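J.: sequence first, predicted coordinates after that:
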Amino acid sequence: MCGNSIQTLLVIEDSDEDFEALGRLMRQFSVFHPIYRCIDGDEALDFLYREGKYRETRQIPRPSIILLDLNLPGTDGREVLEQIKQDDSLKTIPVVVFTTSSNPKDIETCYQHGASGYILKPMDIDQLRKKIQNFLKYWLETVILPEENPSF
């Protein structure tokens, strides 16, 4: 990461079990970046646009990266991805889809709408550990992420 900014992760995930597993694995890998969670697409959009319950939360930084489940209640992940990538103030945030859907149409649609990656959630804990470790190593250690947009 350029500069002194702290990388923050926004996880858009409705499953408590999946979110808890992600948190445990991050702690095991000694990753202590701030993590924010939204449980559905509507909450995620409120978070990103500082609306609803996030209207007065100016201290929350712009996410450095978004980990997005596709199958969300209400506004689903496909719609969230499309909205993020159509917004000039948000489109530079990398969005990595993390889902159980191996549907080729979902994969193609997500990349057409600007997804930075597409990871299938494995059922096996060892495979999950490996995928999360690779995600963290690449996105939080290897690549340079865009700096926070001052207008966020």
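T.: Sure, I can see it.

J.: Leu67: what secondary structure?
T.: What DSSP: H, G, I helix; E, B strand; the rest coil gives for Leu67 is strand.

J.: hmm, Val11 and it touching each other?
T.: Yes. Using Cβ atoms under 8 Å, Leu67 is in contact with Val11, at 4.8 Å. (Each C-beta comes from the backbone N, C-alpha and C, glycine too.)

J.: find residues that contact each of those two.
T.: Between them, Leu67 and Val11 have Leu22 as joint contacts when contacts are counted by Cβ atoms under 8 Å, 6 or more residues apart in numbering.

J.: so Ile119 is in contact with Val95, correct?
T.: No. Counting by Cβ under 8 Å, Ile119 stays clear of Val95, with 11.6 Å between them.

J.: how about the strands in the protein?
T.: Along the chain, counting by DSSP state E, strands occupy 9-12, 35-38, 65-68, 95-99, 117-120.

J.: ok, and the closest non-adjacent residue to His33?
T.: In this structure, His33 finds its nearest non-sequential neighbour in Gln7, 5.0 Å apart by Cβ to Cβ, 6 or more residues apart in numbering.

J.: so for stretch 7-21, mean pLDDT?
T.: Average pLDDT, stretch 7-21: 93.

J.: can I get it in CSV? Just the C-alpha atoms.
T.: Output in CSV follows, covering the C-alpha atoms of stretch 7-21 (Å, rounded to 0.1, in the frame of the first residue of the first chain):
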residue,chain,number,x,y,z
GLN,A,7,-6.1,-1.1,4.5
THR,A,8,-9.7,-1.8,5.4
LEU,A,9,-11.8,-4.7,4.2
LEU,A,10,-15.5,-4.5,3.7
VAL,A,11,-17.1,-8.0,3.8
ILE,A,12,-20.6,-8.2,2.4
GLU,A,13,-21.8,-11.5,3.7
ASP,A,14,-25.1,-12.7,5.2
SER,A,15,-23.8,-15.9,6.7
ASP,A,16,-22.7,-15.5,10.3
GLU,A,17,-20.8,-18.9,10.0
ASP,A,18,-18.9,-17.8,6.9
PHE,A,19,-18.0,-14.4,8.4
GLU,A,20,-16.9,-16.0,11.6
ALA,A,21,-14.7,-18.5,9.7
